[in-house]
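1. Structure for the following, please:
(chains A and B)
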There are 2 protein chains.
Amino acid sequence: MRIVLSSIYLIEIDQSESLIFVSRFLGPDAALATDLYELTMAAAYFDNDERSDASFELFVRNYPKNRSYLVAAGLEQAIEYLTNLRFSEKHVDFLRRHPSFKHVSKRFFDYLLDFKFTGDVWAIPEGTVFFTDEPLLRVAAPIIEAQIVETYLLSLINFETLIATKASRVVQSAKGKGVVEFGSRRAHGPEAALLAARASYIGGCIGTSNVLAGYLFGIPTYGTMAHSFIMSYDSEVEAFKRFCKVFPSNPAFLIDTYDTVEGAKNAVSLNVNPSLLRLDSGDRYELSVKVRKILDEAGFKDTMVFVSGDLNEFILDDLTSRRAPIDMFGVGTELVTSRDDPALSGIYKLVSLKRNGKTVYRVKTSAGKRTIPGAKQIHRTYSDSREIQEDLLALEDEKAPPGSEQLLIQVIDQGRPACSLPKIVAIQDRARKQVASLPDKYRALVGSERPPVRLSSKLQEIANSMWNSHGGSRHT
Amino acid sequence: MRIVLSSIYLIEIDQSESLIFVSRFLGPDAALATDLYELTMAAAYFDNDERSDASFELFVRNYPKNRSYLVAAGLEQAIEYLTNLRFSEKHVDFLRRHPSFKHVSKRFFDYLLDFKFTGDVWAIPEGTVFFTDEPLLRVAAPIIEAQIVETYLLSLINFETLIATKASRVVQSAKGKGVVEFGSRRAHGPEAALLAARASYIGGCIGTSNVLAGYLFGIPTYGTMAHSFIMSYDSEVEAFKRFCKVFPSNPAFLIDTYDTVEGAKNAVSLNVNPSLLRLDSGDRYELSVKVRKILDEAGFKDTMVFVSGDLNEFILDDLTSRRAPIDMFGVGTELVTSRDDPALSGIYKLVSLKRNGKTVYRVKTSAGKRTIPGAKQIHRTYSDSREIQEDLLALEDEKAPPGSEQLLIQVIDQGRPACSLPKIVAIQDRARKQVASLPDKYRALVGSERPPVRLSSKLQEIANSMWNSHGGSRHT
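-> Coordinates of the predicted model:
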């Protein structure tokens, strides 16, 4: 990058401060941000005296379109949720009056008032590349606790992982040019905008336009000006001059309000050294060439050409492959909604239960939706050149293959954080290295091969026998 | 509908209670949930002593795929945001330390600490059918205030309107069968899940699985059981029996964990009268026929067949057209992400300014993105049979055509609510009547005609002259 953009900013927030996300933003009512059936099932378990410890795994069934790897994101918010989850008197009163709970014992509502998550959680760290069928999160807890948290965990982790994965594709297509996330106005509400900014940064964006993401997470924030600013003055030149008065050092100009080429000429006619000129419409390739020429001829070799407006990984790949003279990209709608495939098929399934001290495996055999039984670990092996070779899914107590790396680490121990969480720059760095360790054939924009995920022979044998017997249960 | 589902519930919340949404859920940091450039522009206006009153309009540029009408939603949250927006000391301190604001006057930060929205707002009421280019919201305020609120208003209203519109399509395809919104786990985070539940209800869903939407908005909540509940017991029959113990009156059973037909047989083998059997996988048409037969032969004529799992308006249309014996649908992912087109192209543009007591019109003429100048009103005319005939866009002070209805009403007057807001059931009722008043040709699932939106001759003349002159300004 040639010069430092005047609007870049990274504020250091210590981890304790950035972890207040859920408690002040979603927190007071997070307990009810769930599907009704989680609570009716909880009541059914409670009044049947079902207190078994259960293991649930959160995994992705299918890749979104054209993807063949995923980038883990959302764990920090998930931990914050699990360690702060409480039902208020008002919440419980609402449930008491709900006709679904008419025959439920009074003791159940007392239980909810005292509810805390007391279980253990293992997770793949944020920024890690992972694949379908691999448990991204494993929750081991009394079955009621493990059940109640399903919906919230899924909505958080499905979304952040979807966007971190999309960002990874967009950033790869930018081939080293910076990508800024610009999509707040098209995200699915203000919270989605914030979470998308975080996930995009993890996936490799250099920053976001979202100020709250800067404030809460310490992500660098970027901004120029809107067309309305230009339109509020009687001419574009007057608007540029007014802006320079307040932002004199390397201002950033938006040049396409009326005509992009005229806008570039107006920008260089002022006696300032702009940090960048932004193009938001028209043929981005042709216009970037023309604008670069105007800048160079005027002696502004260091002024960057910044391009935005309905961009995605395919358009970026086209522009960078044709060597368009573009220095930075602002990517919005397509990134924050993962527009080509806006939902991740993450699911959360019961894999085993403890009954009388014994582990009992569980599977679902519904058409097209069968699951793999047992609490699992993921063992990753690398080639000599440190490329990802294969992932092995094994039962948690199986021996690790020599030289393998275990992807799941314990993050919650009996309801309390079991490790300190990395800063977001470290998560982004991990994602960058992880994607780089993925052989090229697994990360093409289209037609990519699927990385190999193998089941251990023991796990394969148990799964086969349970799938064939159509039964949901098998004791160890 | 044949029987009342045991898990239906509508709690009456008076409006004052349901309006606390933003202030307790997003509120404390809502002021920073914005794009950085809104704040840099605010600083530029402030330090240039630019205090003009401006009018901005929020409108949708293009219909999402296959849509040719839109259902307005999100206004209640927008009003809550505008009437509660404040910057805290910590927010302002963060901005003070941001390098973008290095040359900004100290007075600007004092201004932010005292900031309140003091403007006027006109809006199309929620639940109204409207079209592209029509202002859904018009904000008239000192330009800094009108600018700062852009991003938040767009992310709220774009999303809720997108989902209310999608829900309207899904509900029409259900041809009178009830549709429940089931998508929280795939929504873009927990807040998107809540907003999607609200918007889906406005668009015609009979309820949602999202408990918080019941608690905050009084929307009926539905739920059955998850596969994990079935899997937690050694057999499906045992799981059903345990559930009946706690939910004895008309329990709802999920029957596809292992085998749908066996599941239906298990459900009717118990001595209870189930409210519904739910199918979540496999060939929904064939299985619904088989399950209906099993129910009828066992004498459970009133038990409903409830179908879910990756449904959308096209699948519903197919199933209802073939008269599948399905009584209710649960629609999740496709609805809450508007999966076939997950972003609404709502934008917020400056249309006029007051300068020295005169109104000055503004347009943008960027390639493919030009705007219509002037603060506008929408005049809707109806045919004799009360079908929507045409919308006329005119300047706000033009005379209304005889017999026309004005779509924009004032909702905020000098920063304070200017009218009482309808309950959500009234909004849903309005949407139902509005969609019914739209001629069939404008609401086909595919290939629909676009409803006519005409510019008044005065507006057309002003727009033409401004577009042709490439200029952004015209005085009245």
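
2. Can you spell out the domain ranges of chain A, please?
-> Per the record, chain A has its domains at A:15-160+A:350-475, A:163-336, by automatic domain parsing.

3. for the stretch 201-350 of chain A, which spans come out with low pLDDT?
-> The model of the stretch 201-350 of chain A has no residue with pLDDT under 70.

4. picking that back up, for the domains of chain A, which one sits closest to residue B:122?
-> Of all the domains of chain A, it is domain A:163-336 that lies closest to residue B:122, at 18.1 Å by CB to CB. All C-beta spots, glycine's among them, are computed from the backbone N, C-alpha and C.

5. measure that closest one end to end?
-> 6 Å (CA to CA, to the nearest Å).

6. Mind listing what's buried along stretch A:340-360?
-> Within stretch A:340-360, the residues that count as buried by 16 or more other CB atoms under 10 Å in any protein chain shown are A:340-353, A:359-360.

7. Narrow these to those in strands?
-> Counting by DSSP state E, those place A:346-353, A:359-360 in strands.

8. which one of the residues you listed sits closest to chain B?
-> Within these, proximity to chain B (CB to the nearest CB) peaks at residue A:350, which comes in at 4.0 Å.

9. what about the residue nearest to the closest one when sequence neighbours are not counted, which SS state?
-> Distances taken as CB to CB, 6 or more residues apart in numbering or on different chains put residue B:228 closest to residue A:350, at 4.0 Å, once the chain neighbours are dropped. Secondary structure state of residue B:228, per DSSP: H, G, I helix; E, B strand; the rest coil, is helix.

10. interface residues of the stretch 301-450 of chain A facing chain B?
-> Within the stretch 301-450 of chain A, the residues that sit near chain B (CB under 8 Å from any CB of the partner chain) are A:333, A:337-339, A:342-346, A:348-350, A:353, A:362-369.

11. Show me what the strand or helix carrying residue A:44 is packed up against.
-> Per DSSP states H and E: residue A:44 is located in helix A:36-47. Applying 3 or more CB pairs under 8 Å, 6 or more residues apart in numbering or on different chains; DSSP states H and E, one finds that helix A:36-47 contacts helix A:106-113, helix A:143-148, helix B:211-217, helix B:227-231, helix B:236-246.

12. returning to what we had before: where's the residue nearest to residue A:350 relative to residue B:302, distance?
-> From residue B:228 over to residue B:302 the distance is 28 Å, taken as CB to CB, to the nearest Å.

13. quick one: which of those two has more around it?
-> residue B:228 (24 against 14; other CB atoms under 10 Å in any protein chain shown).

14. Show me the helices in the stretch 51-200 of chain A, by range?
-> A:75-84, A:89-97, A:106-113, A:143-148, A:150-173, A:190-202 (DSSP state H, counting those that start in this stretch).

15. Which one of those lies nearest to residue B:95?
-> Closest approach to residue B:95 among those is made by helix A:190-202 (16.9 Å; CB to CB).

16. average pLDDT across the helix holding residue A:44?
-> Helix A:36-47 carries an average pLDDT of 96.

17. Could you find the closest non-adjacent residue to residue A:333?
-> In this structure, residue A:333 finds its nearest non-sequential neighbour in residue A:186, 4.1 Å apart by CB to CB, 6+ apart.

18. cool, residue A:367 as well?
-> Spatial nearest neighbour of residue A:367, excluding adjacent residues (CB to CB, 6+ apart): residue B:282 at 4.1 Å.

19. Just want the most central residue of chain A.
-> In chain A, the residue lying closest to the centroid (CA atoms, centre = their mean) is residue A:160, at 2.2 Å.

20. isn't that one right next to residue A:77, touching?
-> Yes. Residue A:160 lies in contact with residue A:77 (CB atoms under 8 Å); the separation is 7.3 Å.

21. Could you pull out the residues contacting both of those two?
-> residue A:195 (CB atoms under 8 Å, 6 or more residues apart in numbering or on different chains).

22. Residue A:446 touches residue A:66, doesn't it?
-> Yes. With contact defined as CB under 8 Å, residue A:446 reaches residue A:66; the gap is 5.2 Å.

23. Run a quick neighbour tally on residue A:450.
-> So residue A:450, with other CB under 10 Å, has 13 neighbours.

24. Check residue A:405 too.
-> Other residues lying near residue A:405 total 13 when counted by other CB under 10 Å.

25. partner residues bridging it?
-> Residues in a beta bridge with residue A:405, per DSSP bridges, are residue A:380.

26. Now do the contacts for it.
-> Under the criterion of CB under 8 Å, 6+ apart, the neighbours of residue A:405 are A:379-382.

27. Give me the buried positions along the strand or helix carrying residue A:458.
-> Here residue A:458 sits within helix A:457-468, counting by DSSP H and E. By neighbour count with 16+ other CB under 10 Å, helix A:457-468 contains the buried residues A:459, A:462-463, A:466-467.

28. if we look at chain B, which of those residues are close to it?
-> The subset of those within reach of chain B, by CB under 8 Å from any CB, is empty.

29. okay, now the closest residue to chain B within the stretch 101-250 of chain A: neighbour count?
-> Here the stretch 101-250 of chain A gets closest to chain B at one residue, residue A:223, 3.1 Å apart by CB to the nearest CB. Neighbour count for residue A:223, taken as other CB under 10 Å: 25.

30. what kind of secondary structure is it in?
-> From three-state DSSP, the assignment for residue A:223 is coil.
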